[in-house]
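Peer 1: Got a predicted structure here, sequence first:
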Amino acid sequence: MKTLKALSLFLLSGLILMGCDSSTYEQTFDTSKIRRASLEETEAIVEAFILAEDSSTIIIPEGFYNLNTQLILDNKTGVKIKGAGMDKTVLSFRNLQTGGEGVKIVGNQISIEDLTIEDAPGDGIKSQHSDGITFRRLNVTWTNGDKSKNGTYAIYPVQCKNVMIDECIASHSKDAGIYVGQSENIVVKNSLAFGNVAGIEIENSDNAEVFGNTARNNSGGILVFNLPGLPKSDGKGTKIYDNDIIDNNHKNFATPIGDGPNGNTVTMIPPGSGIVLLAAKEVEIYNNRIHNNKTSGVSIASYQVTGFPAEAPNWSPYTMDIYVHDNEYKRKKLSTPDLTRELGQMVSIYNAHGKGKTQDIIYDGIWDESISPNIESNPMRICLQEKNWEDLHFTRFYLMDGEDNITSYKDHELFQNCQVKVKTDISGLAGL
Amino acid sequence: MGLILGIAFSCQEKAENTNQETSQAKSGERALAPEEADGNYPYRRLSTYGFFEGKMNELEPASNLTLYKPASSLFTDYAWKSRFVYFPDGSQAEIIGEEMELPVGSILIKNFYYPNDFRKPEEGKRIIETRLMIHEEGGWQAYPYLWNEEQTDAVLKVVGAQLEVRFTDASGKDQIINYLVPNKNQCKSCHNKDEKLAPIGIQPKHLNHELDYGSFKSNQLAYWAEKGNLKGFEGADTHPSVIDYEDKTQALDDRAMAYLDINCSHCHRAEGPASTSGLFLTYDQKDPLKLGVNKTPVAAGKGAGSFRFDIQPGKADESILTYRMNSTEVGVAMPEIGRTTVHEEGVELIRQWINSMPESK
């Protein structure tokens, strides 16, 4: 699928454009009234990170800290970093002159809690090569008027083991608010992600549970991706349950206004996406409230839909072994799918329920022909067990004959009579 | 020695009283108690180590230091560098495969300075910082020392600093650079091998070439071996070597790979922090995908600009690699630390290299 530009012209002439993209600049806390920390106090914090010893606690007292250098905790064990509260301790990286992320943590059994991180030019807080890393009651955000100037990820553990993200708030990042990459044993719970391009994203990771969160007002709510060509090649085993995935209709600002998608996959996400699976493996999605996402509640896609090269060692572009059940879906009256991204245009035009209809579940229907000559046998094991099919908009697309021959089907029955056992085990994270 | 003898240079203007400048001034003025060279590193003052003889700012090395220089140099805002290694008495480095191990107690000394006029480097310079890497019992440690305005000594400054530097460049143009001294833990943003602090230039591939020692010339590894400071050297031909990317007689491919290796591969390799990206830029990388050819970014954010691939063959101006090298915006610019200006010559080299690749169908 290369381009759908011609289709969008057709669509624009055939439909009235309903400009439903929203934007939000909402801030959870007003940090403008917090006492400004002095230069000495600020340098003391930088020094505390540098000189930290194993099993120590770094207390960051109430105050607004204007940092021009990174806070890096390097190869320590058992360190606790503690602020005075998300509304009281603010680390602002607006004046950071060098380096990517604001806070960087490498170590084992590290926790950071009760503070706000603002306006880092790259990522808000990044943790790499850490075993046992807890983010608790962190608010990570950006305050720029032009959101395309915001940083990439708010909370960003990568290449970590035993990751706990609890009661955090991540907002306005131009990629994912909470992004867990190339990691294993992961909990993301009781957190809020809003105003991001992607709310919560689990990428190339194993054994993750995402529950009790709210992902609202993002372009896409919760994403599970496997991208090609990475050291951790293909992740599997994610459960997404008891989340509120609501109103994820935010404009996709991953590129500046007027620019189309670039090579970052997230730039292709059509606003109005609740949950998106891309080249995902072994994912169970249940007991979520998936409401008012204007393009599609759940989107199941293979990597081929990106149009990017889809070959890499030890990696498969197909989404497979998916079990979606017992979720609650609501579609907003009068809302129509996104038209700003090709995938949104495809849903608008080719869905099986009529042009411009919001979908609850879509499946791109791309399967591995070496497994089966046709899709009727459900070769990718996509299992969908929802209760009220008569009320739902389900579309399976057929894209494998090129963009001029796209067809679609309502045949959820093909995917209805199976189950996939998705195994996760987060018992090892109980103490985090 | 191939050292530049500088004349004391003391005409730094008082910069505007920004917060950073204030803090720098304070640390410089802080009355430091006398300090003894008791072997308990780090010392507060650079002078305590006794690395330099005579006037300190002439950077004339004591006899127990050895000059060294990697074939290609990491770009750091056009700063000039002089580097020395100290081997404890009777101790030896050892080449093991493609790596080199230095003995415990070794110290790497790297001075960052700007000649006032790049065309006349002998006519005075300003030394900004001296970075020490000390091989302690528990591994390498990095200690940045910031020189005072009087250029009489440098003081350990773990939290970093920023200062304005003025110089006249090689083409005679006046330049002002906002020089950033990294904080201690930022050192590891580059000096990182499997999350352990590690030297970059001290690898056989970077040192396996001839160096001008002033009174004689020699292959550096051969010279170290000859004076008993190196084990495992079996002749220059038996060890890998990277060329000098500035050597225009060399093939474009080799110059580009040498540039990427010394400027990028400390992070962009399997053992480095940017392994997350899947982009690997060591000089011997042959896999096009790992080199970035038709490779989509992973976590680049705004660093991707409006482009799809790290390298779009034949199209340097549509490649993320050159876009990021050509930017000074934090969050876009690569490398992430160590520069606030664009390395024009480096960008041009990589542009030519990408443009020389056949376009994809």
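Peer 2: Right, received. Where do you want to start?
Peer 1: In chain B, which residue sits closest to chain A?
Peer 2: For chain B and chain A, the shortest gap (CB to the nearest CB) falls at residue B:301, measuring 3.0 Å. C-betas here are computed from N, CA, C, even on glycine.
Peer 1: What count of nearby residues applies to that residue?
Peer 2: 24 (other CB atoms under 10 Å in any protein chain shown).
Peer 1: Quickly run through the sheet partners of the lengthiest strand in chain A, with directions.
Peer 2: Using DSSP state E, we find that the single longest strand of chain A is strand A:103-118. Sheet pairing of strand A:103-118 (DSSP bridges) gives strand A:71-77 (parallel), strand A:80-83 (parallel), strand A:89-92 (parallel), strand A:125-128 (parallel), strand A:131-141 (parallel).
Peer 1: closest to residue B:37 out of those?
Peer 2: strand A:71-77 (27.1 Å; CB to CB).
Peer 1: With just CA atoms, put that closest one into PDB.
Peer 2: What follows is strand A:71-77, C-alpha atoms only, in PDB (Å, rounded to 0.1, in the frame of the first residue of the first chain):
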ATOM      1  CA  LEU A  71      20.500  14.700  35.800                       C
ATOM      2  CA  ILE A  72      22.200  11.300  35.400                       C
ATOM      3  CA  LEU A  73      22.300   8.500  37.900                       C
ATOM      4  CA  ASP A  74      25.000   6.100  36.800                       C
ATOM      5  CA  ASN A  75      25.300   2.400  37.600                       C
ATOM      6  CA  LYS A  76      24.000   2.500  41.100                       C
ATOM      7  CA  THR A  77      22.100   0.000  43.200                       C
END
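Peer 1: What residues sit buried inside that strand?
Peer 2: A:71-76 (16 or more other CB atoms under 10 Å in any protein chain shown).
Peer 1: Any chance of a markdown table for the residues you listed, columns distance to residue A:229 and pLDDT?
Peer 2: Shown next, in a markdown table, are the buried residues of strand A:71-77 (distance: CB to CB, whole Å; pLDDT from 0 to 100):
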| residue | distance to residue A:229 | pLDDT |
| --- | --- | --- |
| A:71 | 31 | 97 |
| A:72 | 27 | 97 |
| A:73 | 29 | 97 |
| A:74 | 28 | 94 |
| A:75 | 28 | 93 |
| A:76 | 31 | 96 |
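Peer 1: Now the two most distant members of those.
Peer 2: A:71 and A:75 (14.7 Å).
Peer 1: Tell me the gap between the longest strand of chain A and the middle of its chain.
Peer 2: Taking CA atoms, centre = their mean, to the nearest Å, one finds strand A:103-118 lying 20 Å from the centre of the chain it belongs to.
Peer 1: ok, now stretch B:74-91?
Peer 2: For stretch B:74-91, the distance to the chain centre is 9 Å (CA atoms, centre = their mean).
Peer 1: got it, and stretch A:31-42?
Peer 2: That offset, for stretch A:31-42, works out to 32 Å (CA atoms, centre = their mean).
Peer 1: which residues in the chain form helices?
Peer 2: Since you didn't name a chain, this refers to chain A. In chain A, the helices defined using DSSP state H lie at A:5-14, A:39-51, A:342-350.
Peer 1: let's do chain B instead
Peer 2: So, for chain B - with DSSP H - the helices run B:19-29, B:187-190, B:204-207, B:220-226, B:252-264, B:288-291, B:320-325, B:344-355.
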